[in-house]
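> Okay, here's the prediction I keep looking at, along with the sequence it came from:
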Amino acid sequence: MNEAITGTAAEAITLQAVSKVYGKGRGAVAALREVSVGLPKGGFTAIMGPSGSGKSTFLHCAAGLDRPTAGTVRLGGTDLSGLSETKLTELRRERAGFVFQAFNLVSSLTVSQNITLPLRLAGKRANGARLTEVVQRVGLAERTHHRPGQLSGGQQQRVAIARALIADPEVIFADEPTGALDTMTAREVLVLLRETVDTMGQTIVMVTHDPVAASYADTVLFLADGRIADTMHAPTAATVADRMIRLGAWSR
Amino acid sequence: MLPFAVATLRHRKGGFIGALIALFCAAALVTGCGTLLTTGILGTVKPERFAAAPLVVTGDQNVHAVEIKSKGKVKNKAKPVSDHVWVAAGLADRIRALPSVKSVAAEVLFAAYLPGGPTSDSFGHGWESASLSALALGSGRAPSAPDEVVLDASTAARTHLHVGSTAPLRTESGTMPVRVVGVTSQGFASQAAVYFSTAEARKLAGHDGLVDAIGVFPAGDPASTERDVKALLSPTAAGTVPAPVVHTGDSRGPAEFPDSANASVRLVSMGAVLGGTSLIVAVLVVVGTFALSIQQRQREIAVLRAVAATGKQVRKMIGGEALAVGLAAGIAGALAGLPLGAWLHEEFVSLDIIPANVPVVLSVFPVFASVLATVFAGWAAARISARRATRIRPVEALGEAELKPPRVSFVRALFGVLAIVGATVLTAVLTALHSDAAATPVCFNAVLLWCIGLALLGPWVARLAVAVLGVPLRMSRVGGYLAANNLRAAAPRMASVITPLTLMTAMACTILFSQTSVADAATAQRAAGNVADYVVGSKVPASAAGSVKAVPGVRTVTEVLHATVRTGLNNRSVLGVTPAGLADTLDLGVTDGSIASLTGPDTAAAAYGQGYHVGSQVSMTLPDGTPARVTIVAVYSRQLGFGDLVLAHDLVAPHVDVPLDDELLVKAPGVSPGALAAALKADPGLGIRDRVRAQASHNDAGAKIGYVTLGLIVAFTAIAVVNTLAMSISDRGREFAALRLTGATRRQVQRMLGWETATAVAVAAALGLAIAAAVLTTYASGMTRGTGGLSVPPAMLAVVVGGGAVLAGLATWVPARAALAAGLREG
């Protein structure tokens, strides 16, 4: 893999020897250990691993939400390590979209206000056509004036996806996007994510512990003890589940 | 549920710290005020001059009245007069003749001022009375020649006089040179004493055949001597009505300092008003804090409901938490209130509102009362808030369903409307209240009731305010836009921030501007009423008035003396003036009758609105207890500037402890100040001013009390403001994280919060000022009888509004920083 991570134009995100250590001295815990990987543009990558394997840390570092202890992260060709907190926020606003397990919608805003919020925060005007397109894509055309409190969990997650899509970001980061949903709703959300990759060429990085969710990705990275333990292309729920079981045994 | 409540407290420290702080401060304030109250009720002024005499006989210092209550009950009421009541000197010999009496010593007193000495409580006495305080000469000898005096040690130190020095001593008749021939080894703490020879003192004191006190030294058992003296003094035996009174122990203090009774009354009323106000403010603040903490725990409470806790159990749990918090905060606060009470007392002493020789009484009573009040306030606040908690649906525990603030209940709305109606009535009533004592508590209560009403109707008020202010807010693309949406969606939260801010603004304005309005109206009346060319003051002896009159070109000299008399049991502030040429110097704003008819001791002018009219006969008790009867010949309007009654100087001067004039009003067209100053050479220390800025001392004390009160109540509400803001912000971590993840910079979130707080401040300032304006307009109209309006110094207003804004800004910025610094990983 190492030869493929020199930061070519085909990669949306490049991590180079990224380590993340929490705490200091004896109590220090290494969540990532010199991880190097490149994630291709237009690809749907799932990150899997047992609890504590460092998959959330991986996502936070890759998205610029957290700073690595060592190593460099490139998002769309920009090195994140030198950026100030504000610059980082502005970069994220332009190039990254987020979908989380807890939806993280702003409860005081309506659906369409939530979706256009990133544009407003960036000081841009919302394009009406673009909003309609995105809203239709996520299937919320009839609910644009509702508030998050009036929506079901699946609907809220679709608002979050629409919000992530609105600014046409380079990468969408999803952290357990189906974690709080029932299987039927989860399936709808995953299909929606898959569609954005297939029809819009969107890049998605998704952390999950659900083999079924991972099976919607093009590639699955397996993390264990802060290292990339394996990579699997064209995954199915069964192969992922099988690999996960062995991953647990292997890591011991 | 109590163990569970304690566990919750331990777990959710943050949410309870707010309530804890609010209750702690309330307990401290209530104890502090309670301490003032107890000092007023139980505190006794310590005797100084009478300290060594076991028994002291004086005239009856009280005015008595019999009130017949309903059902034929009779109540005897007594109120003290302001100055010493004298007794027959011959009584001393009759007491001395009693077999159980070893010796007696009589005291006389007259106002006597030394350069550099105190300008009040400075008296001359006869050397005979030094034994009442067991004074011994530290140096020199006893006075014998008429111009020889002995000073007490503290006065000698203060005036830098010693044996052999001479000094000009100002007394009623004039300024006389005295020679210091002795200094005592002991000194007095709260007065200056100048001892003449016994004979000379009797002469200087006037009051022929009278003394102000007789000290009695028993031969054996003081109790039997007391019995004998009392028998001698019984009305039938003494032949005078009312009979002289025997004082022993602590009651000798009030006999020595008649005005200390006023201090006690002042302490009681101050303690009650301040304590009551802070208790109501406390309940308001604590209800707000508990409501907010329950709002924030909605999901947790829903979980409890989901695992099948009944509404009653939840209420019990919340009540239990409140009891635990109230008890902890109450005990700690009540104990902290004792030093606060002592400090308050010290402040009031240093501001000259109460005399230093009424020591503070620290007792357990206010502590217990305060703990009880705090625990009850906390518990009641929690129960009120818990009504809301019971309505939380168990399904809200189940994850994604967004938490919705419960609807504001009908009962709450009803009480809100009732409070507003009550506040309107109180505000209207203020126009009919013309005295400080009646208007001030009503004024405070009106403000509190307005605030309570607004607090109850808070969510509607907030929604309305946001509907109006939302439009300009949205001009700001990010911060204002988000703020407007947040405020609309979370109106109850905004309401809980607005309430204490409104209270703070309204209280501060009311306390400050009620003083300035009345003081300005009084000053205006004095300025308009004083038509003299010059004013000479203060403590002017008769000789000075004479020499000013003798200056060529001087047309009229009006001698003015301030005093307090009682009509029935009521206190009336009076002005004693020399009637000749009064129209030249004083324009009282006469509405009926004529001031020219004020000619002698049996005539008087009365301020409008006390029920007197021209021709009324008024019976009164003069400051030394002497009854008098006058006929009203004029009614005037300038009561705030010149007091309730204007009497003839001759009627007042012989019956006060300090007959020196407070000021001379001089009509002398074309006479230079230099010519007057030359005439005053014989009496050093007197000043000449162009126009009077005569101090109405009670207004001054009122203003000072106001500032101390203001400090405490505002400090308390400020804590509540900070509390509420911090609580409401620190709970929004999730929301901030969501915004940050959507791409908001820290600055954008901070601006959003800034706009939210700015809106709350604007709304609160508008409401607070509106309340204060409404209450103060009617207050001022009542107090000045429609002659003066609201007086608001712009600088003070700016400090109040600006101070509130800065406080709210800080209380937003600090917790916002903390909440945003928590990092950016998924909230």
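That came through fine. What you see is a predicted model; the values in this text were computed from it and never measured.
> Surely B:G40 and B:V265 touch.
Yes - with contact defined as C-beta atoms under 8 Å, B:G40 reaches B:V265; the gap is 7.1 Å. All C-beta spots, glycine's among them, are computed from the backbone N, C-alpha and C.
> Just want to know which of these two has more residues nearby.
Neighbour comparison, B:G40 and B:V265: the larger count goes to B:G40, with 21 against 15 (by other C-beta atoms under 10 Å in any protein chain shown).
> Any idea how far apart the tips of stretch B:111-124 sit?
Stretch B:111-124 stretches 6 Å from its first residue to its last (C-alpha to C-alpha, to the nearest Å).
> ignore the last one, stretch B:484-494
Terminal residues of stretch B:484-494 are spaced 11 Å apart (C-alpha to C-alpha).
> is it up against chain A anywhere?
Yes - using C-beta under 8 Å from any C-beta of the partner chain, stretch B:484-494 reaches chain A at B:N485, B:N486, B:R488, B:A489, B:A490.
> Nearest spatial neighbour of the third one, chain-adjacent residues omitted?
Going back to what we said before, that points to B:R488. Excluding its sequence neighbours, the residue lying closest to B:R488 (C-beta to C-beta, 6 or more residues apart in numbering or on different chains) is B:V466, at 5.0 Å.
> Can you name the element that comes right after the helix or strand containing that neighbour?
Element membership of B:V466 [criterion: DSSP states H and E] is helix B:458-473. On the C-terminal side of helix B:458-473, the closest following helix or strand by DSSP H and E is helix B:479-489.
> B:A439: neighbouring residues, count only.
Other residues within reach of B:A439, judged by other C-beta under 10 Å, total 23.
> sorry, back to before: what comes up buried for the helix holding B:V466?
B:G458, B:P459, B:V461, B:A462, B:R463, B:A465, B:V466, B:L469, B:G470, B:L473 (16 or more other C-beta atoms under 10 Å in any protein chain shown).
> Kindly report the same for stretch B:119-139.
Along stretch B:119-139, the positions that meet the burial threshold by neighbour count (16+ other C-beta under 10 Å) are B:121-133, B:135, B:137-139.
> Ok, stretch B:72-91 next?
Residues of stretch B:72-91 classed as buried: B:K79, B:P80, B:V81, B:S82, B:D83, B:H84, B:V85, B:W86, B:V87, B:A88, B:A89, B:L91 (neighbour count, 16+ other C-beta under 10 Å).
> so what's the residue sitting nearest the centre point of chain A bridging to?
By C-alpha atoms, centre = their mean, chain A has its centre lying nearest to A:F173, at 1.7 Å. Note on A:F173: beta-bridge partners A:F98, A:V205, judged by DSSP bridges.
> Does it touch A:V99 like I think?
Yes - the pair A:F173 and A:V99 passes the contact test of C-beta under 8 Å, sitting 7.3 Å apart.
> Around chain A, which positions in the stretch 601-750 of chain B sit nearby?
Checking the stretch 601-750 of chain B against chain A by C-beta under 8 Å from any C-beta, the hits are B:734-735, B:737-748.
> Where neighbours are concerned, which of the residues you listed has the most?
Of all those, B:L741 has the most neighbours under the rule other C-beta under 10 Å, reaching 28 neighbours.
> quick one: it and A:A102, what's the gap?
Noted for B:L741: a distance of 10 Å to A:A102, by C-beta to C-beta, to the nearest Å.
> related to what we said a few turns ago, hmm, which two among the buried residues of stretch B:72-91 are most spread apart?
Pairwise distances across these (C-beta to C-beta) peak at 26.9 Å, for the pair B:K79 and B:A89.
> Please report phi then psi for residue 151.
Reading this off chain A. Dihedral angles of A:L151 (phi, psi; degrees, to the nearest 10) stand at phi -110, psi 160.
> Let me rephrase: I mean chain B.
Reported as degrees, to the nearest 10, the phi and psi values for B:L151 are phi -110, psi 150.
> Run a quick neighbour tally on it.
29.
> which residues does it bridge with?
Counting by DSSP bridges, B:L151 is bridged to B:V183, B:V194.
> ok, now which ones touch B:V656?
Listed by C-beta atoms under 8 Å, 6 or more residues apart in numbering or on different chains, the contact set of B:V656 reads B:D83, B:L561, B:A563, B:L622, B:P623, B:D624.
> give me the number of residues near whichever residue of the stretch 51-200 of chain A sits closest to chain B?
When distances are taken as C-beta to the nearest C-beta, the stretch 51-200 of chain A reaches nearest to chain B at A:G149, 2.6 Å away. By other C-beta under 10 Å, 15 other residues sit near A:G149.
> On the three-state scheme, it is what?
Of the three states, A:G149 takes helix according to DSSP: H, G, I helix; E, B strand; the rest coil.
> A:L105 is in contact with that one, correct?
No - taking contacts as C-beta under 8 Å, A:G149 lies outside contact range of A:L105: 9.3 Å.
> Number of residues surrounding B:V268?
Using other C-beta under 10 Å, B:V268 has 17 neighbouring residues.
> CA-only coordinates of stretch B:766-781 in PDB, if you can.
Backbone C-alpha positions of stretch B:766-781 (Å, rounded to 0.1, in the frame of the first residue of the first chain) are rendered in PDB as follows:
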ATOM      1  CA  ALA B 766     -36.700  47.700  28.100                       C
ATOM      2  CA  LEU B 767     -38.900  45.800  30.500                       C
ATOM      3  CA  GLY B 768     -36.900  46.800  33.600                       C
ATOM      4  CA  LEU B 769     -36.900  50.500  32.600                       C
ATOM      5  CA  ALA B 770     -40.600  50.300  31.800                       C
ATOM      6  CA  ILE B 771     -41.400  48.900  35.200                       C
ATOM      7  CA  ALA B 772     -39.200  51.400  37.000                       C
ATOM      8  CA  ALA B 773     -40.600  54.200  35.000                       C
ATOM      9  CA  ALA B 774     -44.200  53.200  35.700                       C
ATOM     10  CA  VAL B 775     -43.600  52.700  39.500                       C
ATOM     11  CA  LEU B 776     -41.400  55.700  39.900                       C
ATOM     12  CA  THR B 777     -43.700  58.100  38.100                       C
ATOM     13  CA  THR B 778     -46.500  57.400  40.500                       C
ATOM     14  CA  TYR B 779     -44.100  57.200  43.400                       C
ATOM     15  CA  ALA B 780     -42.700  60.600  42.600                       C
ATOM     16  CA  SER B 781     -46.100  62.100  41.900                       C
END
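> List the buried residues of it.
For stretch B:766-781, the neighbour count (16+ other C-beta under 10 Å) marks B:766-769, B:771-781 as buried.
> of the residues you listed, closest to B:S435?
Nearest to B:S435 out of these is B:Y779 (C-beta to C-beta; 11.7 Å).
> Low-confidence stretches in chain B?
Low-confidence segments of chain B, defined by pLDDT under 70: B:1-15, B:235-241, B:299, B:306-309, B:388-408, B:690-703, B:822-827.
> List the buried residues of stretch B:201-218.
Burial within stretch B:201-218, assessed by neighbour count using 16+ other C-beta under 10 Å, is assigned to B:201-202, B:204-205, B:207, B:210-218.
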